[in-house]
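A.B. asks: Sequence plus predicted model, see below.
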Amino acid sequence: MPRYFFDVHDGGPEFDDTGTELSGPDEARAKARSLLPDIAREEIPKNGDQRTFTVMVRDESGHPVYSATLSFAGLQLQR
């Protein structure tokens, strides 16, 4: 099975050095899409109401095969 690497960009890159064996690019795409809400759920409460999270998927050769971005914008409304 091919190995895919999921690099997370959230103000600075975090590179995946281990990767995950998946059946192919469709499964890698699905995994990237499911990672974004989990990352946002953990990171948004830590600092700020304006956040952008990107997952870049690379194949075993290091070539990008998929990228997904999730943006969060919060605005506190006062009376």
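C.D. replies: Good, I have the coordinates. Residues are numbered from 1 along each chain as shown.

A.B. asks: need the helix or strand of this protein with the lowest average pLDDT.
C.D. replies: When each helix and strand of the chain is scored by mean pLDDT, DSSP states H and E, strand 13-14 comes last, with a mean of 88.

A.B. asks: Who are the packing partners of that strand?
C.D. replies: strand 3-9 (3 or more C-beta pairs under 8 Å, 6 or more residues apart in numbering; DSSP states H and E). The way it works is simple: take the backbone N, C-alpha and C, and place the C-beta from them, glycine included.

A.B. asks: Tell me who's in contact with the most centrally placed residue in the chain.
C.D. replies: Geometric centre of the chain, nearest residue: residue 55, 2.8 Å, by C-alpha atoms, centre = their mean. Taking C-beta atoms under 8 Å, 6 or more residues apart in numbering, we find residue 55 in contact with 6, 7, 8, 9, 32, 35, 36, 39, 67, 68, 69.

A.B. asks: So which residues make contact with the least confident helix or strand of the chain?
C.D. replies: Residues outside strand 13-14 that contact it (C-beta under 8 Å, 6+ apart): 7, 8.
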